[in-house]
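Q: pasting the sequence and the predicted model now:
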Amino acid sequence: MPEPVRLLVASRNPKKLAELRRVLDAAAVEGIELVGLDEVPEYPETPETGATFEENALIKARDGAATTGLACVADDSGIAVDALNGMPGVLSARWSGRHGDDEANTSLLLAQLGDVPDERRGAGFVSACALVLPDGTETVTRGEWRGVVARERAGGGGFGYDPVFVPEGSDRSAAELSPQEKDAASHRGIALRALVPAIAALR
Ligand SMILES: O=P(O)(O)OP(=O)(O)OP(=O)(O)OC[C@H]1O[C@@H](n2cnc3c(O)ncnc32)[C@H](O)[C@@H]1O
Ligand SMILES: [Mg+2]
């Protein structure tokens, strides 16, 4: 058996990282070994200052590939709310001013949408996933998951804005779905599955 190809999964968000690994594992590409950031020497990361999810995903994946010499996959994602003209968008992780504070980010979003009627509460989770190879080859995919922003939180699963996001065709929030249900429909699930052929070609 040839040595497996090592693929770095570059995310500092433990819950998002778990989703990335789950979807890649479910795709079961044989001969690929997923490697976490905790398994490689620490490296400085370029700030996520891109104007688009695609740019930010590439920033993360390029850093990982350039410093480790491994193929690297990264996601950049967020929620784009219609009534906010697509914001928080790429600012989703730091919408309240504190990076990664899910509670504060969600509370601020609910407050901003307080007077917005039900028929104008549409939103979409967006994910861009980038694969960058040590030779500089780049592939970027995108997934979107439409739904509405609820008026209050429900459910304890998932992370981020999941408790207030009700996907289209569902009467439960994303935080009330099983991990498998979320993966099957989610922005990240869609974007990652689109990346699988490029990942399989690494072998
Ligand atoms: O950059 P890395 O290290 O991967 O981790 P991060 O949490 O900073 O990730 P992003 O920069 O891509 O920001 C994404 C934010 O968008 C939100 N988000 C993305 N996907 C989500 C999902 O599936 N469910 C709920 N919220 C999500 C959540 O608030 C995240 O903090
Ligand atoms: Mg981030």
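A: Cool, the structure landed. Ligands and ions are numbered 1, 2, ... in the order given.
Q: shaky segments in the chain?
A: Applying pLDDT under 70 to the chain flags no residue at all.
Q: please list the residues of the protein that sit near ligand 1.
A: 11-13, 16, 48, 75-79, 92-93, 100, 102, 105, 125, 158-162, 174, 186, 188 (Cβ under 6 Å from any ligand atom). No exception for glycine: its C-beta is placed from N, CA and C like everyone else's.
Q: and with 5 Å instead?
A: Residues of the chain found near ligand 1 (Cβ under 5 Å from any ligand atom) are 11-13, 76-78, 92-93, 160-162.
Q: which one of these sits closest to ligand 1?
A: Using Cβ to the nearest ligand atom, G160 comes nearest to ligand 1 of the residues of the chain next to ligand 1, at 2.3 Å.
Q: please, which helix or strand holds that closest one?
A: Assigned by DSSP states H and E, G160 falls within no helix or strand.
Q: what's near enough to touch L133?
A: By Cβ atoms under 8 Å, 6 or more residues apart in numbering, the contact list for L133 reads 65, 71, 202.
Q: so the nearest residue to the last one once chain neighbours are set aside bridges to which residues?
A: Yep, that's L202 we're talking about. With Cβ to Cβ, 6 or more residues apart in numbering as the measure, V5 is the residue that lies nearest to L202, at 4.8 Å, once sequence neighbours are left out. Note on V5: beta-bridge partners by DSSP bridges are I32.
Q: wait, E33 touches R6, no?
A: Yes. The criterion here is Cβ atoms under 8 Å, and E33 meets it with R6 at 5.1 Å.
Q: report the buried residues of the longest helix along the chain.
A: As assigned by DSSP state H, the longest helix anywhere in the chain is helix 53-68. Applying a neighbour-count criterion of 16 or more other Cβ atoms under 10 Å, one finds 53-65, 67-68 buried in helix 53-68.
Q: again, but for stretch 104-119
A: Result for stretch 104-119 [16+ other Cβ under 10 Å]: buried residues 105-106, 109-110, 112-113, 116.
Q: so who does R172 touch?
A: So R172 contacts 154-155, 166 (Cβ under 8 Å, 6+ apart).
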